[in-house]
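Enquirer: after the sequence you'll find the predicted model.
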Amino acid sequence: MQRPLFTYHTPDTAPEKSQEALQRVLNKFGIIPNQDKILAVAPSIYEAYNHSFDLFLGKSSLSLLEGQIVIMTASFENNSPYCMAVHTWGMEMTKVPQDVIDSLRNGEPIKDSKLEALRSFTKDLLVCHGHVDESAIAAFIDAGYTQQNIVEVIGGLSAKMISNYINILAKTELDEVMKPYQWTHPDKVKAEGTTA
């Protein structure tokens with residue numbers, strides 16, 4: 001059996017400065033997701049990730065649904081199977097309409113035009129590495145979003161990059177509760193003739 005590239009820490013094995021955060025996650029969710037077990041090795045980054053993610057989803061002017069669209073779009077474009085599964089689970093838990101979840105998992109337009117403008121702008125930011133043209137910014141503003149929302153989307157992407165990249169590098173194993181939401185990028189599905 002191949003040895004994992006990254007250690008899956010517990011509150012007992014993690015660096016001291018990460019132990020309390022892991023315990024908080026356990027108390028809140030009843031499990032410590034594998035992603036957290038890996039991130040715990042770097043206490044300052046683990047703290048920065050948790051804080052920035054909580055601020056983005058809980059304190060920005062974007063709604064919870066809009067925040068989830070940003071992080072799912074990032075996870076799709078960065079091709080992070082672990083994050084796609086986790087956030088699908090989270091979206092179902094918060095009663096996001098199934099058609100929105102399906103659109104995000106398939107990288108397809110969302111029927112709601114304002115939400116689609118958010119998904120499209122987020123995708124443009126990622127694909128163009130921030131070098132979006134003025135027409136993309138204008139379309140986002142015309143859809144009802146603001147300059148503040150632009151900054152907030154970038155903040156959400158910065159937090160999501162931490163978890164997307166670490167889960168890609170670590171090939172993080174899906175937690176048992178996440179297994180029903182397993183995800184494969186549609187391009188890979190088409191190439192291999194498999195099902196998502």
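Expert: Here it is on my side, so go on.

Enquirer: so for this protein, the centremost residue is which one?
Expert: Ile71 (3.9 Å; Cα atoms, centre = their mean).

Enquirer: am I right that it is in contact with His87?
Expert: Yes. Ile71 is within contact range of His87, at 5.8 Å (criterion: Cβ atoms under 8 Å). No exception for glycine: its C-beta is placed from N, CA and C like everyone else's.

Enquirer: related to what we said a few turns ago, measure the residue nearest to the centre of the chain to Glu134 for me?
Expert: Separation of Ile71 from Glu134 (Cβ to Cβ, to the nearest Å) stands at 26 Å.

Enquirer: cool, Glu66 as well?
Expert: Glu66 is 22 Å from Glu134, by Cβ to Cβ.

Enquirer: then Leu64?
Expert: If you measure Leu64 against Glu134 using Cβ to Cβ, the figure is 30 Å.

Enquirer: please apply the same query to Leu26.
Expert: Noted for Leu26: a distance of 47 Å to Glu134, by Cβ to Cβ.

Enquirer: out of the two, which sits in the more crowded spot?
Expert: When Leu26 and Glu134 are compared for neighbours, Leu26 comes out ahead with 15 against 7, by other Cβ atoms under 10 Å.

Enquirer: and the helix or strand containing that one, what's buried?
Expert: Here Leu26, judged by DSSP states H and E, is contained in helix 16-29. Neighbour counts over helix 16-29 (16 or more other Cβ atoms under 10 Å) mark 18-19, 21-22, 25 as buried.

Enquirer: so who does the residue nearest to the residue nearest to the centre of the chain when sequence neighbours are not counted touch?
Expert: Closest residue to Ile71 apart from its sequence neighbours, by Cβ to Cβ, 6 or more residues apart in numbering: Lys160 at 4.9 Å. Lys160 makes contact with 53, 70-71, 74-75, 78, 83 under the criterion Cβ atoms under 8 Å, 6 or more residues apart in numbering.

Enquirer: need the pLDDT of Lys160.
Expert: If you check Lys160, the pLDDT there is 96.

Enquirer: what of Gln68?
Expert: 97.

Enquirer: counting neighbours, which bits of the helix or strand containing it end up buried?
Expert: The secondary structure element spanning Gln68 is helix 64-77 (assigned by DSSP H and E). The neighbour-count criterion (16+ other Cβ under 10 Å) identifies 65-77 as the buried residues of helix 64-77.

Enquirer: closest one to Lys171 out of those, please.
Expert: Ser75 (15.0 Å; Cβ to Cβ).
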